[in-house]
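Undergrad: One predicted model, sequence on top.
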Amino acid sequence: MKQSDNLAGPGIGSCGVRIADARQAAGLSCQDVADRLKMPLRVVHALEADDLAVLGAPVFVRGQLRSYARLLGIDIESELAQSEIALVSPAELVSHSHTPRYQHFLEQATRRAIYIVLTAAIALPVWLGMRPHLSNELPVASLDLPAAAVAQPATGAPARRTPVIASMASMTAPTPAALSINATADTWLQVFAPDGRPLEQGTLAAGERRSYDAGEVGRVVLGNSAAVRLKAVGKPVDLAPYSRANVARFTLSSDGSLAPVID
(Lines give C-alpha, C1' and ligand atoms only; values in the text may rest on other atoms or scores of the structure.)
Protein backbone atom coordinates (compact mmCIF):
# COMPACT_ATOMS: atom_id res chain seq x y z
CA MET A 1 0.00 0.00 0.00
CA LYS A 2 1.05 3.61 -0.55
CA GLN A 3 0.85 4.47 3.15
CA SER A 4 3.24 1.62 4.11
CA ASP A 5 5.68 2.84 1.45
CA ASN A 6 5.58 6.34 2.94
CA LEU A 7 6.18 5.01 6.47
CA ALA A 8 9.14 2.82 5.48
CA GLY A 9 12.54 4.40 5.51
CA PRO A 10 15.84 4.75 7.34
CA GLY A 11 15.50 5.04 11.07
CA ILE A 12 11.77 4.34 11.13
CA GLY A 13 12.28 0.97 12.75
CA SER A 14 14.31 2.45 15.60
CA CYS A 15 11.26 4.52 16.83
CA GLY A 16 9.41 1.43 17.95
CA VAL A 17 12.51 -0.11 19.55
CA ARG A 18 13.38 3.11 21.45
CA ILE A 19 9.91 3.62 22.90
CA ALA A 20 9.62 -0.06 23.85
CA ASP A 21 13.01 0.08 25.64
CA ALA A 22 12.08 3.35 27.36
CA ARG A 23 8.73 1.91 28.52
CA GLN A 24 10.38 -1.14 30.01
CA ALA A 25 13.01 1.04 31.69
CA ALA A 26 10.23 3.14 33.21
CA GLY A 27 8.55 0.01 34.56
CA LEU A 28 5.34 0.58 32.61
CA SER A 29 3.26 -2.02 30.85
CA CYS A 30 1.53 -1.50 27.49
CA GLN A 31 -1.80 -1.29 29.31
CA ASP A 32 -0.43 1.47 31.56
CA VAL A 33 0.61 3.47 28.51
CA ALA A 34 -2.80 2.90 26.86
CA ASP A 35 -4.61 4.10 30.00
CA ARG A 36 -2.47 7.20 30.40
CA LEU A 37 -2.62 8.25 26.76
CA LYS A 38 -6.28 7.25 26.33
CA MET A 39 -5.08 5.17 23.42
CA PRO A 40 -6.29 1.72 22.34
CA LEU A 41 -3.95 -1.08 23.40
CA ARG A 42 -3.61 -2.33 19.85
CA VAL A 43 -2.22 1.07 18.82
CA VAL A 44 0.46 0.84 21.54
CA HIS A 45 1.46 -2.59 20.28
CA ALA A 46 1.51 -1.38 16.65
CA LEU A 47 3.73 1.63 17.53
CA GLU A 48 6.28 -0.57 19.36
CA ALA A 49 6.24 -3.17 16.56
CA ASP A 50 6.68 -0.50 13.87
CA ASP A 51 3.48 -1.78 12.25
CA LEU A 52 2.46 1.72 11.33
CA ALA A 53 0.49 0.90 8.18
CA VAL A 54 -2.51 -0.26 10.23
CA LEU A 55 -2.74 3.03 12.15
CA GLY A 56 -4.05 5.25 9.38
CA ALA A 57 -2.73 8.44 7.87
CA PRO A 58 0.91 9.40 8.54
CA VAL A 59 -0.10 12.64 10.26
CA PHE A 60 -1.92 10.66 12.96
CA VAL A 61 1.01 8.20 13.31
CA ARG A 62 3.45 11.07 13.89
CA GLY A 63 1.18 12.55 16.55
CA GLN A 64 0.79 9.22 18.35
CA LEU A 65 4.60 8.64 18.37
CA ARG A 66 5.23 12.12 19.79
CA SER A 67 2.61 11.58 22.53
CA TYR A 68 4.18 8.24 23.45
CA ALA A 69 7.70 9.80 23.52
CA ARG A 70 6.58 12.72 25.72
CA LEU A 71 5.04 10.26 28.20
CA LEU A 72 8.39 8.41 28.46
CA GLY A 73 10.51 11.57 28.41
CA ILE A 74 12.52 10.74 25.28
CA ASP A 75 13.15 12.68 22.06
CA ILE A 76 12.43 10.94 18.76
CA GLU A 77 12.39 14.00 16.50
CA SER A 78 15.66 12.95 14.83
CA GLU A 79 14.23 9.55 13.93
CA LEU A 80 11.01 11.19 12.64
CA ALA A 81 13.03 13.70 10.59
CA GLN A 82 15.05 10.91 8.97
CA SER A 83 11.97 8.88 8.18
CA GLU A 84 9.78 9.37 5.13
CA ILE A 85 6.60 9.85 7.16
CA ALA A 86 4.96 12.82 5.50
CA LEU A 87 1.61 14.45 5.49
CA VAL A 88 -0.45 13.36 2.58
CA SER A 89 -2.21 16.36 1.08
CA PRO A 90 -5.86 15.79 0.43
CA ALA A 91 -6.71 14.77 -3.07
CA GLU A 92 -8.08 17.52 -5.24
CA LEU A 93 -11.66 16.96 -6.19
CA VAL A 94 -12.07 17.11 -9.90
CA SER A 95 -15.48 17.13 -11.47
CA HIS A 96 -15.72 14.55 -14.20
CA SER A 97 -19.19 15.67 -15.27
CA HIS A 98 -19.80 19.18 -16.61
CA THR A 99 -23.36 20.50 -16.98
CA PRO A 100 -23.70 22.98 -19.84
CA ARG A 101 -25.32 26.33 -19.03
CA TYR A 102 -28.29 25.76 -21.31
CA GLN A 103 -28.93 22.40 -19.68
CA HIS A 104 -28.90 24.08 -16.25
CA PHE A 105 -31.51 26.62 -17.38
CA LEU A 106 -33.55 23.83 -18.99
CA GLU A 107 -33.60 21.87 -15.75
CA GLN A 108 -34.71 24.95 -13.77
CA ALA A 109 -37.46 25.70 -16.30
CA THR A 110 -38.61 22.09 -16.14
CA ARG A 111 -38.83 22.18 -12.34
CA ARG A 112 -40.80 25.42 -12.44
CA ALA A 113 -43.17 24.05 -15.06
CA ILE A 114 -43.78 20.95 -12.92
CA TYR A 115 -44.48 23.19 -9.91
CA ILE A 116 -46.97 25.27 -11.91
CA VAL A 117 -48.75 22.18 -13.26
CA LEU A 118 -49.05 20.63 -9.80
CA THR A 119 -50.35 23.91 -8.34
CA ALA A 120 -52.95 24.21 -11.11
CA ALA A 121 -53.99 20.58 -10.63
CA ILE A 122 -54.69 21.29 -6.95
CA ALA A 123 -56.19 24.78 -7.25
CA LEU A 124 -58.43 24.20 -10.29
CA PRO A 125 -60.75 21.58 -8.69
CA VAL A 126 -61.06 23.76 -5.60
CA TRP A 127 -62.01 26.79 -7.72
CA LEU A 128 -64.52 24.79 -9.76
CA GLY A 129 -66.11 23.48 -6.56
CA MET A 130 -66.50 26.97 -5.08
CA ARG A 131 -67.63 28.66 -8.30
CA PRO A 132 -71.41 28.00 -7.78
CA HIS A 133 -71.22 29.61 -4.35
CA LEU A 134 -69.23 32.58 -5.62
CA SER A 135 -71.77 33.23 -8.41
CA ASN A 136 -74.67 33.73 -5.96
CA GLU A 137 -74.19 37.43 -5.67
CA LEU A 138 -76.56 39.29 -3.40
CA PRO A 139 -78.14 42.49 -4.70
CA VAL A 140 -76.52 45.53 -3.17
CA ALA A 141 -78.57 48.65 -2.80
CA SER A 142 -76.97 51.75 -4.17
CA LEU A 143 -75.64 54.15 -1.59
CA ASP A 144 -75.46 57.03 -4.03
CA LEU A 145 -77.07 60.14 -2.57
CA PRO A 146 -78.38 63.11 -4.48
CA ALA A 147 -75.95 65.94 -4.92
CA ALA A 148 -78.14 68.22 -2.82
CA ALA A 149 -78.07 65.73 0.06
CA VAL A 150 -74.26 65.62 0.23
CA ALA A 151 -73.58 69.25 -0.61
CA GLN A 152 -71.92 71.14 2.21
CA PRO A 153 -71.96 74.92 2.72
CA ALA A 154 -68.91 76.72 1.41
CA THR A 155 -68.15 78.15 4.86
CA GLY A 156 -67.91 74.68 6.38
CA ALA A 157 -70.77 75.39 8.80
CA PRO A 158 -73.01 72.41 9.55
CA ALA A 159 -76.06 72.22 7.32
CA ARG A 160 -79.36 73.13 8.96
CA ARG A 161 -81.90 70.40 9.20
CA THR A 162 -85.32 71.13 7.86
CA PRO A 163 -87.91 70.23 10.51
CA VAL A 164 -90.27 67.55 9.40
CA ILE A 165 -93.91 68.06 10.33
CA ALA A 166 -96.11 65.03 10.16
CA SER A 167 -99.29 65.50 8.23
CA MET A 168 -102.38 65.44 10.41
CA ALA A 169 -104.78 64.96 7.50
CA SER A 170 -105.01 61.21 8.01
CA MET A 171 -105.85 61.74 11.69
CA THR A 172 -108.81 64.06 11.00
CA ALA A 173 -112.12 62.33 11.63
CA PRO A 174 -114.29 61.99 8.52
CA THR A 175 -117.16 64.42 8.24
CA PRO A 176 -120.39 62.62 9.14
CA ALA A 177 -123.21 62.49 6.62
CA ALA A 178 -125.84 65.20 6.85
CA LEU A 179 -128.55 62.53 7.15
CA SER A 180 -128.17 58.82 7.95
CA ILE A 181 -131.14 56.41 7.90
CA ASN A 182 -130.82 52.89 9.39
CA ALA A 183 -133.86 50.54 9.19
CA THR A 184 -134.20 47.96 11.98
CA ALA A 185 -137.34 46.58 10.32
CA ASP A 186 -139.01 46.93 6.93
CA THR A 187 -140.10 50.48 6.26
CA TRP A 188 -140.67 52.76 3.30
CA LEU A 189 -139.30 56.20 2.54
CA GLN A 190 -139.56 59.17 0.27
CA VAL A 191 -136.61 61.53 -0.12
CA PHE A 192 -136.89 64.84 -2.02
CA ALA A 193 -134.23 67.32 -3.06
CA PRO A 194 -134.38 70.93 -1.84
CA ASP A 195 -135.97 71.90 -5.17
CA GLY A 196 -138.77 69.34 -4.65
CA ARG A 197 -137.70 66.68 -7.11
CA PRO A 198 -137.75 63.10 -5.77
CA LEU A 199 -134.37 61.50 -5.01
CA GLU A 200 -135.47 58.08 -3.73
CA GLN A 201 -138.79 56.33 -3.08
CA GLY A 202 -139.37 52.74 -2.09
CA THR A 203 -139.11 50.10 0.62
CA LEU A 204 -136.10 49.91 2.91
CA ALA A 205 -135.53 46.35 4.21
CA ALA A 206 -134.35 45.63 7.72
CA GLY A 207 -130.62 46.28 8.08
CA GLU A 208 -130.36 48.59 5.08
CA ARG A 209 -128.93 52.08 5.38
CA ARG A 210 -129.07 55.34 3.44
CA SER A 211 -126.79 58.38 3.78
CA TYR A 212 -127.10 61.81 2.22
CA ASP A 213 -124.73 64.77 2.14
CA ALA A 214 -125.49 68.31 3.25
CA GLY A 215 -127.58 70.26 0.75
CA GLU A 216 -128.63 67.05 -0.99
CA VAL A 217 -131.90 66.46 0.92
CA GLY A 218 -134.80 68.89 1.38
CA ARG A 219 -137.73 66.79 2.67
CA VAL A 220 -138.10 63.23 3.98
CA VAL A 221 -141.10 60.95 4.65
CA LEU A 222 -140.52 57.74 6.64
CA GLY A 223 -143.11 55.02 7.15
CA ASN A 224 -142.93 52.76 10.23
CA SER A 225 -140.81 55.47 11.81
CA ALA A 226 -140.57 53.50 15.07
CA ALA A 227 -138.25 51.05 13.24
CA VAL A 228 -135.92 53.77 11.91
CA ARG A 229 -132.71 54.99 13.57
CA LEU A 230 -132.01 58.49 12.28
CA LYS A 231 -128.84 60.59 12.64
CA ALA A 232 -128.37 64.19 11.56
CA VAL A 233 -124.74 65.27 11.19
CA GLY A 234 -123.73 62.21 13.22
CA LYS A 235 -126.08 62.85 16.12
CA PRO A 236 -129.12 60.60 16.91
CA VAL A 237 -132.49 62.24 16.29
CA ASP A 238 -135.75 61.35 18.06
CA LEU A 239 -138.45 61.02 15.39
CA ALA A 240 -141.38 61.25 17.84
CA PRO A 241 -141.83 65.03 17.46
CA TYR A 242 -141.96 64.59 13.65
CA SER A 243 -144.20 61.48 13.57
CA ARG A 244 -147.95 61.03 13.32
CA ALA A 245 -149.66 57.65 12.93
CA ASN A 246 -146.12 56.08 12.83
CA VAL A 247 -145.19 58.21 9.81
CA ALA A 248 -142.43 60.81 10.21
CA ARG A 249 -142.31 63.92 8.04
CA PHE A 250 -139.58 66.56 8.30
CA THR A 251 -137.37 68.93 6.35
CA LEU A 252 -133.58 69.14 6.57
CA SER A 253 -131.81 72.47 6.52
CA SER A 254 -128.29 73.07 5.26
CA ASP A 255 -126.90 73.12 8.83
CA GLY A 256 -128.41 69.66 9.58
CA SER A 257 -131.33 70.80 11.71
CA LEU A 258 -134.75 69.14 11.28
CA ALA A 259 -138.14 70.83 11.11
CA PRO A 260 -141.56 69.15 11.05
CA VAL A 261 -143.70 69.27 7.90
CA ILE A 262 -147.13 70.72 8.39
CA ASP A 263 -149.76 69.35 5.97
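TA: Perfect, I can see it now.

Undergrad: thought Val43 was touching Val61?
TA: No - in this structure Val43 lies outside contact range of Val61 using Cβ atoms under 8 Å: 9.5 Å. Heads up, the C-betas are built off the backbone N, CA and C, glycines and all.

Undergrad: Find the residues that touch each one of the two.
TA: Both Val43 and Val61 are in contact with Leu55, where contact means Cβ atoms under 8 Å, 6 or more residues apart in numbering.

Undergrad: The two: who's more crowded?
TA: Remark: of Val43 and Val61, Val61 carries more neighbours, 24 against 21, as counted by other Cβ atoms under 10 Å.

Undergrad: okay but that one is in contact with Leu52, surely?
TA: Yes - assessed by Cβ under 8 Å, Val61 is found in contact with Leu52 at 5.0 Å.

Undergrad: What's the local residue count around Thr99?
TA: Neighbourhood size, Thr99 [other Cβ under 10 Å]: 10.

Undergrad: That one: what secondary structure?
TA: When classified by DSSP: H, G, I helix; E, B strand; the rest coil, Thr99 comes out as coil.

Undergrad: Check which residues of stretch 239-258 are buried.
TA: Judged by neighbour count (16 or more other Cβ atoms under 10 Å), stretch 239-258 contains these buried residues: Leu239, Tyr242, Ser243, Ala248, Arg249, Phe250, Thr251, Leu252, Gly256, Leu258.

Undergrad: swap in stretch 225-236?
TA: Ser225, Ala227, Val228, Leu230, Lys231, Ala232, Val233.

Undergrad: I'd like these as a markdown table, with distance to Thr99, pLDDT and secondary structure appended.
TA: Shown next, in a markdown table, are the buried residues of stretch 225-236 (distance: Cβ to Cβ, whole Å; pLDDT from 0 to 100; DSSP: H, G, I helix; E, B strand; the rest coil):
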| residue | distance to Thr99 | pLDDT | secondary structure |
| --- | --- | --- | --- |
| Ser225 | 126 | 89 | helix |
| Ala227 | 121 | 88 | helix |
| Val228 | 120 | 90 | strand |
| Leu230 | 119 | 87 | strand |
| Lys231 | 114 | 92 | strand |
| Ala232 | 118 | 86 | strand |
| Val233 | 114 | 82 | coil |
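
Undergrad: For those residues, work out which two are farthest apart.
TA: Taking Cβ to Cβ, the two most distant members of those are Ala227 and Val233; they sit 22.0 Å apart.

Undergrad: Show me the shaky parts of this protein.
TA: 1-14, 83-98, 134-173, 263 (pLDDT under 70).

Undergrad: What segments of it are strands?
TA: 179-183, 187-192, 198-204, 209-212, 219-223, 228-232, 235-237, 243-244, 247-252, 258-260 (DSSP state E).

Undergrad: Leu37: which of those is closest?
TA: Checking these against Leu37 by Cβ to Cβ gives strand 209-212 as the closest, at 135.0 Å.

Undergrad: what comes up buried for the closest one?
TA: Quick answer for strand 209-212 (16+ other Cβ under 10 Å): Arg210, Tyr212.

Undergrad: sorry, back to before: let me know the closest of the buried residues of stretch 225-236 to Cys30.
TA: Nearest to Cys30 among the buried residues of stretch 225-236, with distances taken as Cβ to Cβ, is Lys231, at 143.8 Å.
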